[in-house]
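Enquirer: Sequence first, predicted model second:
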Amino acid sequence: MDREELLSKRVVVICGGWSDEREISRSSAGECRRALLEAGFANVDLLDLAERDFIGRLMAGGYDVAFVAMHGRYGEDGCVQGLLEILHMPYTFSGVAASAAATEKEVAKAVYAAAGLRAPRGFDVDAKTVLTEKQIDRVVDKIGLPLFVKPAANGSSYGISRVTDRDALNDAIRAAGAQGGRVLVEECVTGTEITVPVIGNGDPTALPIVEIVTGAEFYDLKVKYEPSAMHHVIPARLEPGVYAKAQELAVRAHRALGCRGCSRSDFIVTPEGEPVILETNTIPGMTAESLLPDSARHGGIEFPELCTRFVELALEGRAARGA
């Protein structure tokens with residue numbers, strides 16, 4: 001598809017919804033819409049999934065492609081992707097199965113293990129679980145302290161606790177399970193925190209690795225939305241062999257999960273130089289402070305061009321699937 005034909009496509013940027021990440025999604029969507037207009041797209045609308053007339057406006061808009069700028073439930077978990085599949089509308093980023101698998105952290109861990117990637121040790125429990133003293137003893141014996149407790153299917157650090165005291169474990173489980181669902185309890189892997197963006201469909205490639213430097217216990221919500229220059233080191237300060245391995249593992253995770261368009265896998269690199277994968281984001285944040293756009297800029301891809309590539313990959317992916 002030539003550039004003129006691509007820029008003639010009608011694009012709808014889908015955002016909002018009902019998750020904890022609604023406002024972050026709206027911020028991403030606004031910036032993506034502006035970037036697409038700057039790139040030369042003449043017709044770019046923005047729709048909030050939570051609007052009462054969303055379906056009617058989506059179907060009546062005559063859109064050629066949807067740019068999914070949603071995070072959390074109903075957006076990153078495969079739900080909106082299923083709706084778009086039913087409507088036969090091409091859309092950016094991963095499909096239903098890959099989105100659901102990446103969002104459910106225990107499912108993703110099984111995929112990682114099958115692909116030869118190391119993830120932190122841990123287990124998931126029901127959100128209403130209250131551990132007995134003996135059960136807490138077994139958890140501490142098995143994975144040690146400190147440990148992390150997090151929602152099994154959420155993003156942007158909502159509900160995550162770093163537990164250093166065994167007596168705080170049940171409170172952390174309750175906080176992580178505040179919205180229902182499963183809760184993940186896992187070991188705290190120490191080392192250098194990095195994230196590796198990957199772009200592409202059938203032949204994905206890794207972008208420059210971002211090293212995340214914070215004064216916090218972990219990359220929490222406050223840190224995530226501070227100016228990127230305060231916390232992002234690009235390229236990450238890793239030995240060349242470790243750097244290449246982390247990029248290769250991120251591409252392997254992208255392929256194993258069946259991601260399309262882009263993904264962003266988070267790792268801890270141990271002092272021994274082993275990248276341990278934490279999770280894969282199928283719809284990374286797309287604000288000015290976000291990790292993937294920052295990495296892309298360092299790789300020579302400005303934000304308007306990055307958003308344009310995602311639209312192009314969405315259309316290519318639909319054509320390749322014959323849908």
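Expert: Here it is on my side, so go on. Numbering: from 1, shown residues only.
Enquirer: For T164, what are phi and psi?
Expert: phi -110, psi -10 (degrees, to the nearest 10).
Enquirer: Check the burial of it by counting its neighbours.
Expert: Neighbours of T164 under the rule other C-beta atoms under 10 Å: 11. For every residue, glycine as well, the C-beta is placed using N, CA and C.
Enquirer: Same check on V233?
Expert: Neighbours of V233 using other C-beta under 10 Å come to 14.
Enquirer: pretty sure it contacts E211?
Expert: Yes: using C-beta atoms under 8 Å, V233 makes contact with E211 at a distance of 4.0 Å.
Enquirer: Tell me the strands beside the helix or strand V13 falls within, with direction?
Expert: Using DSSP states H and E, the element containing V13 is strand 11-15. Sheet pairing for strand 11-15, assigned by DSSP bridges, gives strand 44-48 (parallel), strand 65-68 (parallel).
Enquirer: Residues contacting the last one, please?
Expert: The one in question is strand 65-68. 9-14, 29, 32, 36, 58, 75, 80-81, 84, 89-93, 283, 307, 310-311, 314-315 (C-beta atoms under 8 Å, 6 or more residues apart in numbering).
Enquirer: Go through these and flag which are in helices.
Expert: When the contacts of strand 65-68 are checked against helices (DSSP state H), the matches are 29, 32, 36, 58, 80-81, 84, 307, 310-311, 314-315.
Enquirer: Counting neighbours, which of those comes out on top?
Expert: In terms of neighbours by other C-beta under 10 Å, the ones in helices among the contacts of strand 65-68 top out with C307 at 30 neighbours.
Enquirer: For that one, which non-adjacent residue is spatially closest?
Expert: Excluding the flanking residues, the one nearest C307 by C-beta to C-beta, 6 or more residues apart in numbering is A35, at 4.4 Å.
Enquirer: From E133, how far out is that neighbour?
Expert: Distance, A35 to E133, using C-beta to C-beta, to the nearest Å: 54 Å.
Enquirer: These two: who's more crowded?
Expert: A35 (23 against 8).
Enquirer: I'd say that one and I301 touch.
Expert: No: at 11.4 Å, A35 does not count as touching I301 under the criterion of C-beta under 8 Å.
Enquirer: pLDDT wise, what is Y219 at?
Expert: Note on Y219: pLDDT of 47.
Enquirer: Ok, M230 next?
Expert: 65.
Enquirer: Following element in sequence after the worst-scoring helix or strand of the chain on mean pLDDT, please.
Expert: Within the chain, no helix or strand scores below helix 221-224, which has a mean of 51 by mean pLDDT, DSSP states H and E. Later in the chain than helix 221-224, the nearest helix or strand by DSSP H and E is strand 232-233.
Enquirer: And that following strand, how far out from the chain middle?
Expert: With C-alpha atoms, centre = their mean, to the nearest Å as the basis, strand 232-233 stands 18 Å off its chain's centre.
Enquirer: Check which helices and strands it is in contact with.
Expert: When contacts are defined as 3 or more C-beta pairs under 8 Å, 6 or more residues apart in numbering; DSSP states H and E, strand 232-233 packs onto strand 210-212.
Enquirer: Which parts of the strand it packs on count as buried, going by neighbours?
Expert: Neighbour counts over strand 210-212 (16 or more other C-beta atoms under 10 Å) mark 210-212 as buried.
Enquirer: So for the closest residue to V65 other than its chain neighbours, what's the pLDDT?
Expert: The shortest distance from V65 to any non-neighbouring residue, by C-beta to C-beta, 6+ apart, is to P90 (4.6 Å). Per-residue pLDDT puts P90 at 97.
Enquirer: next one: phi and psi at P90?
Expert: phi -60, psi 150.
Enquirer: How about the contacts made by it?
Expert: 64-66, 84, 314-315, 317-318, 323.
Enquirer: same thing with P275?
Expert: P275 touches 118, 194, 242, 245-246, 249, 267-269, counting by C-beta under 8 Å, 6+ apart.
Enquirer: Could you measure from it over to T103?
Expert: From P275 to T103 the distance is 21 Å (C-beta to C-beta).
Enquirer: swap in P204?
Expert: Applying C-beta to C-beta to P204 and T103 gives a distance of 19 Å.
Enquirer: Show me which of those two is the more surrounded one.
Expert: Using other C-beta under 10 Å as the criterion, P204 and T103 rank with T103 on top: 26 against 19.
Enquirer: And the pLDDT for the spatially closest residue to the more buried one that is not a sequence neighbour?
Expert: Excluding the flanking residues, the one nearest T103 by C-beta to C-beta, 6+ apart is D77, at 4.3 Å. For D77, the pLDDT comes out at 93.
Enquirer: what about D171, which SS state?
Expert: Here D171 takes the helix state, with states given by DSSP: H, G, I helix; E, B strand; the rest coil.
Enquirer: ditto for the one 3 residues further on
Expert: For R174, the secondary structure call by three-state DSSP comes out as helix.
Enquirer: again, but for V125
Expert: V125 is classified as strand under three-state DSSP.
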